[in-house]
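Trainee: how would this look folded up:
(one chain, ligands or ions: 1)
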Amino acid sequence: MDKVKVVLYGVGAIGSRIAEFLLEKEGVEIVGAIDLAKEKVGKDLGDVLALDRKLGVAVSDDPNDMFSKIKTDVVVHTTTSFLKQVYPQIAKVIEHGVNVVSTCEELSYPYPAEPELAKKLDELAKKHGVTVLGTGINPGFIMDTLIIALTGVCQKVETIKMTRVIDAAMRRASFQKKIGVGLTVDEFKEKMERKVITGHVGLEQSISMVASALGWKLDKMEVETNAIKAKSGQVAGLRQLARGMRRGRDAITLDLQAYVGAEEEYDSFNIEGVPSIHGKISPGVHGDLATVAIVVNSIPKVINAEPGLVTMKDLPVPSAALEDMRMYVNK
Ligand SMILES: NC(=O)c1ccc[n+]([C@@H]2O[C@H](COP(=O)([O-])OP(=O)(O)OC[C@H]3O[C@@H](n4cnc5c(N)ncnc54)[C@H](OP(=O)(O)O)[C@@H]3O)[C@@H](O)[C@H]2O)c1
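Mentor: Prediction:
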């Protein structure tokens, strides 16, 4: 069997780390790369990744041209967070008959925010016989897939609360930028309002995925975002508190705190039910490492899946693809 062929769509912080991880793995090869950044276009991917060797893959800014010249099994898509922006990129890939694994947060569970685009993507993917998945650490795993899996041993679930605390100093520069590190509080508010920075994107998607898995119809969802200040008075990061309300109370609460200098990084979950399940992952799961892993580990599952738009709750239980990637592909 041929190696699994991958094209990178987006060679930024996460795309580059995914590329480096793929290069270590057996049974998979990078056959193309797409990015718009001027300093990358036309360069060999080895140079873009600052490796000491050429990879024979030139970064292109023309997806149509690339997909008409090369054959690939899957696109690893890591450009931006909002489905309206990435829709044309992903639609183009699908039209070329290629599967997609994307880190676009809104794609992880696009039905509440973008039902029309979700429907169009699903129809297009089915028409071209390919599968499309949005995944990552968060959304994609820690505040949704993991929680859903834990409820699998519950007879009753009353409420769910999950808290994730991240020291943003340990995360990539693009993450620090989107949570406003180094801004004044006024700048933070103004940039959030104008959507110049996004904060974390995905809490609504995680809540909706969990609610859907449990068959809960939510009455309302609210997300509150506040800057966290450092001693200097500058913004160190943010706290986002998202609540999914049902039958007059908070049924699902997700509390994300990401800021430079967080003393303890952890992920804690409290599922109240029968049985109740309480736990704490300490230190918390490293977001960048985990995103790279879950994207790559999802590649064979996406290739094996039925055509259409899928979410993490539709695929088999997540697992590491440690050996030759071809071992996990069954079609
Ligand atoms: N679900 C999760 O858990 C998770 C985890 C990590 C990241 N993410 C998301 O994944 C995305 C990528 O993250 P990142 O940190 O790697 O961001 P990044 O460093 O900004 O990288 C994105 C790259 O994509 C390029 N790009 C943007 N629009 C493009 C287009 N239309 N065509 C081709 N290339 C394009 C950018 O080029 P320019 O610099 O020229 O714009 C940049 O090189 C972000 O939206 C991030 O929020 C999600």
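Trainee: Write out the residues of the stretch 101-250 of the chain neighbouring the ligand.
Mentor: Neighbours of the ligand within the stretch 101-250 of the chain, by CB under 6 Å from any ligand atom: 103, 105, 136, 137, 138, 139, 140, 172, 174. Every residue, glycine included, has its C-beta placed from N, CA and C.
Trainee: Now, of those residues, which are buried?
Mentor: Neighbour counting by 16 or more other CB atoms under 10 Å classes 103, 105, 136, 137, 138, 139, 140, 172 among those as buried.
Trainee: Any chance of those in CSV with distance to residue 60 and pLDDT as columns?
Mentor: Below are those laid out as CSV (distance: CB to CB, whole Å; pLDDT from 0 to 100):
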residue, distance to residue 60, pLDDT
103, 20, 98
105, 25, 97
136, 24, 98
137, 28, 98
138, 30, 97
139, 29, 98
140, 27, 98
172, 24, 87
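Trainee: okay if I get those as CSV plus secondary structure?
Mentor: Converted to CSV, these look like this (DSSP: H, G, I helix; E, B strand; the rest coil):
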residue, secondary structure
103, coil
105, helix
136, coil
137, coil
138, coil
139, coil
140, coil
172, coil
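Trainee: right, and residue 184 touches residue 230 too?
Mentor: No - Residue 184 lies out of contact with residue 230 (CB atoms under 8 Å); the separation is 11.0 Å.
Trainee: Chain neighbours aside, what residue packs nearest to residue 259?
Mentor: Closest residue to residue 259 apart from its sequence neighbours, by CB to CB, 6 or more residues apart in numbering: residue 237 at 2.7 Å.
Trainee: which helices and strands sit right next to the helix or strand that contains that neighbour?
Mentor: Element membership of residue 237 [criterion: DSSP states H and E] is strand 235-246. Judged by 3 or more CB pairs under 8 Å, 6 or more residues apart in numbering; DSSP states H and E, the packing partners of strand 235-246 are helix 185-193, helix 203-214, strand 220-229, strand 249-259.
Trainee: Give me whichever of those is most buried.
Mentor: Ranked by mean neighbour count, the helices and strands packed on strand 235-246 are led by helix 203-214 with a mean of 24 (mean count of other CB atoms under 10 Å).
Trainee: So which elements touch it?
Mentor: Where contact means 3+ CB pairs under 8 Å, 6+ apart, helix 203-214 is packed against helix 145-150, strand 220-229, strand 235-246, strand 249-259.
Trainee: Please, where are all the helices along the stretch 51-200 of the chain?
Mentor: Remark: helices assigned in the stretch 51-200 of the chain by DSSP state H, counting those that start in this stretch are 63-69, 83-95, 115-128, 145-150, 173-178, 185-193.
Trainee: Name the residues that touch the lowest-mean-pLDDT helix or strand in the chain?
Mentor: None of the helices or strands of the chain scores lower by mean pLDDT, DSSP states H and E than helix 173-178, at a mean of 91. Applying CB atoms under 8 Å, 6 or more residues apart in numbering, the set of residues contacting helix 173-178 from outside is 12-14, 168-169, 182, 197-200, 237, 258, 260, 287-288.
Trainee: Inside strands: which ones of those residues?
Mentor: 237, 258 (DSSP state E).
Trainee: quick one, what contacts the closest residue to the ligand within the chain?
Mentor: For the chain, the residue closest to the ligand is residue 12, as judged by CB to the nearest ligand atom, at 1.7 Å. Each residue near residue 12 by CB under 8 Å, 6+ apart is listed here: 35, 37, 78, 79, 174.
Trainee: Tell me which residue of this structure is furthest from the middle?
Mentor: Distance from the C-alpha centroid of the chain peaks at residue 232, with 31.9 Å (CA atoms, centre = their mean).
Trainee: circling back: can you redo the helices and strands packed on strand 235-246 as a markdown table with distance to residue 72 and mean pLDDT?
Mentor: Listed next are the helices and strands packed on strand 235-246 as a markdown table, based on distance: least, CB to CB, whole Å; pLDDT from 0 to 100:
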| stretch | distance to residue 72 | mean pLDDT |
| --- | --- | --- |
| helix 185-193 | 37 | 93 |
| helix 203-214 | 27 | 98 |
| strand 220-229 | 37 | 95 |
| strand 249-259 | 34 | 97 |
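Trainee: need these in CSV with distance to residue 282, can you?
Mentor: Below are those laid out as CSV (distance: least, CB to CB, whole Å):
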stretch, distance to residue 282
helix 185-193, 29
helix 203-214, 21
strand 220-229, 20
strand 249-259, 14
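Trainee: quick one, which of those is nearest to residue 130?
Mentor: The closest of the helices and strands packed on strand 235-246 to residue 130 is helix 203-214. By CB to CB, the value is 21.5 Å.
Trainee: how much does that closest one deviate in direction from strand 249-259?
Mentor: Counting by axes from the mean of the first three to the mean of the last three CA atoms, to 10 degrees, helix 203-214 lies at 140 degrees to strand 249-259.
Trainee: Any chance you could give me helix 203-214 in PDB, C-alpha atoms only?
Mentor: C-alpha atoms of helix 203-214 as PDB (Å, rounded to 0.1, in the frame of the first residue of the first chain):
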ATOM      1  CA  LEU A 203     -16.600  27.000  24.000                       C
ATOM      2  CA  GLU A 204     -20.000  27.200  22.400                       C
ATOM      3  CA  GLN A 205     -19.000  24.400  20.000                       C
ATOM      4  CA  SER A 206     -17.900  22.200  22.900                       C
ATOM      5  CA  ILE A 207     -21.000  22.900  24.900                       C
ATOM      6  CA  SER A 208     -23.200  22.100  21.900                       C
ATOM      7  CA  MET A 209     -21.400  18.900  21.100                       C
ATOM      8  CA  VAL A 210     -21.700  17.700  24.700                       C
ATOM      9  CA  ALA A 211     -25.400  18.700  24.800                       C
ATOM     10  CA  SER A 212     -26.100  16.900  21.500                       C
ATOM     11  CA  ALA A 213     -24.400  13.700  22.600                       C
ATOM     12  CA  LEU A 214     -26.500  13.700  25.800                       C
END
